[in-house]
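S.K.: I'll drop the sequence and a predicted model, then ask my questions.
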Amino acid sequence: MKTATELWTLADGVTAAVREVGAKLAARRPVDPTPAPTLAEAMARFAEVDDPAAAELRERLGALRPQAGWVPEELDGSVPAEGEWWLCDATDGAVQYLLGHPHWAVTATLVRDGVAVLAVVHAPEAAGGRTYRAVLGGGARLDDRPVAPLPRELAATVAGTSQPPFVAADPVALRRAGESLSALAGAVLAVRNLGPTSLQLAQVGSGHLGLFWEYGRDAGNLLPGALIASEAGATVTDATGAAWTAGSDSLLAAAPGLHADALAVLRAVR
């Protein structure tokens, strides 16, 4: 499969699968916070919901593209460098989901030789359900309409950010996250963490966020949104301005003019 047209045809089937899984998860989402006072209990409760949803995604996507492998675990932030793989997160935004918040998403990404070539990010409970899609070389869409980032000056920008799972294990990324938050909070209109990493990145592509940045290796969460933002026309690099890849230890995405201003702020972070 090489052409954007062929990838969009596949994306239609992926979208149907993701929306169906999302609808089932939304029906099960607790209204009240899940009573899980320890990390082990929270992970166990999450697995009760996420495991069946992930299994359904694997079955349906495997039928659509059986030659693609399946990345078994996205929490370590890595993807295979060779071959074709499905990278999926049935409940991106697990923390919000368990607390009874609607800010979560279902993601499915086809990765070829370490590069995302197709991505679907579906937020079942955002504005009645919103679906971002992109294919490499074929642009990006939100609910079947083309999208593009909105140019803004830095002082009028709402910036999104997040941290990789278990970021405390990476003291350098943790320090950079704190220092960059202080730097950017003084330069933009507001900084928010609006839930799923993939969804926030996609929202840069549609102009719902002005920019998004993160420190730490987090390819599993960043690949789908990075493809959508890039295909929409945003500039996606690491925090030094170098090309972003699945192995990068930071990411910055923004509209082209805004990206240069935000990059200047981040370059001051040690």
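M.R.: It's in.

S.K.: got the contact list for Ala123?
M.R.: Listed by Cβ atoms under 8 Å, 6 or more residues apart in numbering, the contact set of Ala123 reads Gly22, His103, Trp104, Ala105, Gly129, Arg130, Thr131, Pro196, Leu199. C-betas here are computed from N, CA, C, even on glycine.

S.K.: now with 10 Å, please.
M.R.: For Ala123, the contact set (Cβ atoms under 10 Å, 6 or more residues apart in numbering) comprises 22, 26, 92-93, 102-107, 129-132, 195-196, 198-199, 202-203.

S.K.: can you give me the helices for the stretch 51-200 of the chain?
M.R.: In the stretch 51-200 of the chain, the helices defined using DSSP state H, counting those that start in this stretch lie at 94-98, 171-185, 197-206.

S.K.: which of the ones you listed sits most buried?
M.R.: Comparing these by mean neighbour count (mean count of other Cβ atoms under 10 Å), helix 197-206 ranks first with a mean of 31.

S.K.: how far away is the nearest residue to Gly83 once chain neighbours are set aside from Leu189?
M.R.: Sequence neighbours aside, Gly69 is the residue nearest to Gly83 in space, at 6.2 Å (criterion: Cβ to Cβ, 6 or more residues apart in numbering). Gly69 sits 43 Å away from Leu189, taking Cβ to Cβ, to the nearest Å as the criterion.

S.K.: ok, the residue nearest the centre of the chain - contacts?
M.R.: By Cα atoms, centre = their mean, the mean C-alpha position of the chain lies nearest to Ser198, the distance being 1.2 Å. Ser198 sits next to 89, 92-93, 105-107, 109, 119-123, 132, 162, 220-228 when contact means Cβ under 10 Å, 6+ apart.

S.K.: I figured Asp261 hits Ala159, correct?
M.R.: No - checked against Cβ atoms under 10 Å, the pair Asp261 and Ala159 is beyond contact range at 11.3 Å.

S.K.: go ahead and report the secondary structure state at the nearest residue to Leu99 once chain neighbours are set aside.
M.R.: Sequence neighbours aside, Pro33 is the residue nearest to Leu99 in space, at 4.8 Å (criterion: Cβ to Cβ, 6+ apart). Of the three states, Pro33 takes coil according to DSSP: H, G, I helix; E, B strand; the rest coil.

S.K.: okay, Asn77: pLDDT?
M.R.: Quick fix: residue 77 reads Gly, not Asn. Per-residue pLDDT puts Gly77 at 60.

S.K.: re the thing from before, right, so of the helices of the stretch 51-200 of the chain, which gets closest to Gly137?
M.R.: Among the helices of the stretch 51-200 of the chain, helix 197-206 comes nearest to Gly137, with 15.1 Å by Cβ to Cβ.

S.K.: which other helices and strands contact the helix or strand just after the closest one?
M.R.: Once the chain leaves helix 197-206, the next helix or strand it forms, by DSSP states H and E, is strand 211-215. When contacts are defined as 3 or more Cβ pairs under 10 Å, 6 or more residues apart in numbering; DSSP states H and E, strand 211-215 packs onto strand 158-161, helix 171-185, helix 197-206, helix 219-232, strand 250-254, helix 256-266.

S.K.: out of those, flag the one nearest Pro151.
M.R.: That would be helix 256-266 among those, by Cβ to Cβ, at 5.5 Å.

S.K.: orientation of the closest one relative to helix 171-185 in degrees?
M.R.: Here the directions of helix 256-266 and helix 171-185 differ by 120 degrees (axes from the mean of the first three to the mean of the last three Cα atoms, to 10 degrees).

S.K.: could you figure out how far helix 256-266 is turned away from strand 250-254?
M.R.: Helix 256-266 and strand 250-254 are oriented at 140 degrees to each other (the same axes, to 10 degrees).
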